[in-house]
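Engineer: Below are the sequence and a predicted model; questions follow.
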Amino acid sequence: MYRLHKGYLLLSVLLLIIEILIAAYLNDSLIRPYGGDFLVVILLYCLMRSFLNLSVLRTSLIVLLISYLVEITQYFRLADILGVRSRVLRILMGSYFTWNDILSYTLGILFVILLEGMVSRYKQRSPAA
């Protein structure tokens, strides 16, 4: 069940750097609010696949459920209820519910499933080296 997959780990680090750059330097109305949420589920997916030997669909569903759960906690303002003061923790927990985030998470996971399917089909057609 556990294993280290260096390719997914490298993608995780790359996506984390992109997410940090988006958070630190972008304050637009498209990439930061939607692109960041789209990429964060891909980051979580790659991170899980780095260490766990789960199927594409199972990993995708777990990541999507976690993302939805985080968004639900934002709806109920869990960070405020718990009195979270740490800026970093508040960013991780989020503080504002929006259906657009749910849509971005869903589209990000659909993209992952589509891309993984394309890679799988490509590998099946390619002759073994």
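Structural biologist: Now that the structure is in, tell me what you want to look at. Numbering: from 1, shown residues only.
Engineer: Against which helices or strands is the helix or strand bottoming out on mean pLDDT in the chain packed?
Structural biologist: Every helix and strand of the chain was ranked by mean pLDDT, DSSP states H and E. The lowest is helix 87-93, at a mean of 81. Counting by 3 or more C-beta pairs under 8 Å, 6 or more residues apart in numbering; DSSP states H and E, the packing neighbours recorded for helix 87-93 are helix 56-75, helix 78-82. From N, CA and C alone the C-beta is placed, and that goes for glycine too.
Engineer: State the three-state secondary structure for Val84.
Structural biologist: State at Val84, reduced to three classes by DSSP: H, G, I helix; E, B strand; the rest coil: coil.
Engineer: Now the helix or strand hosting Ala24: buried residues?
Structural biologist: When elements are assigned from DSSP states H and E, Ala24 belongs to helix 6-25. Using 16 or more other C-beta atoms under 10 Å as the burial criterion, the residues of helix 6-25 that qualify are 8, 11-12, 15, 19, 22.
Engineer: what angle sits between it and helix 56-75?
Structural biologist: Taking axes from the mean of the first three to the mean of the last three C-alpha atoms, to 10 degrees, one finds helix 6-25 and helix 56-75 inclined to each other by 20 degrees.
Engineer: Could you check the angle the helix or strand following helix 6-25 makes with helix 56-75?
Structural biologist: Beyond helix 6-25 on the C-terminal side, the first helix or strand identified by DSSP H and E is helix 36-51. Direction vectors for helix 36-51 and helix 56-75, defined by the same axes, to 10 degrees, enclose an angle of 130 degrees.
Engineer: residues contacting the residue nearest the centre of the chain?
Structural biologist: For the chain, the residue whose C-alpha lies nearest the mean C-alpha position (C-alpha atoms, centre = their mean) is Val41; its distance is 1.4 Å. Applying C-beta atoms under 8 Å, 6 or more residues apart in numbering to Val41 gives the contacts 63-64, 67, 104-105, 108-109, 112.
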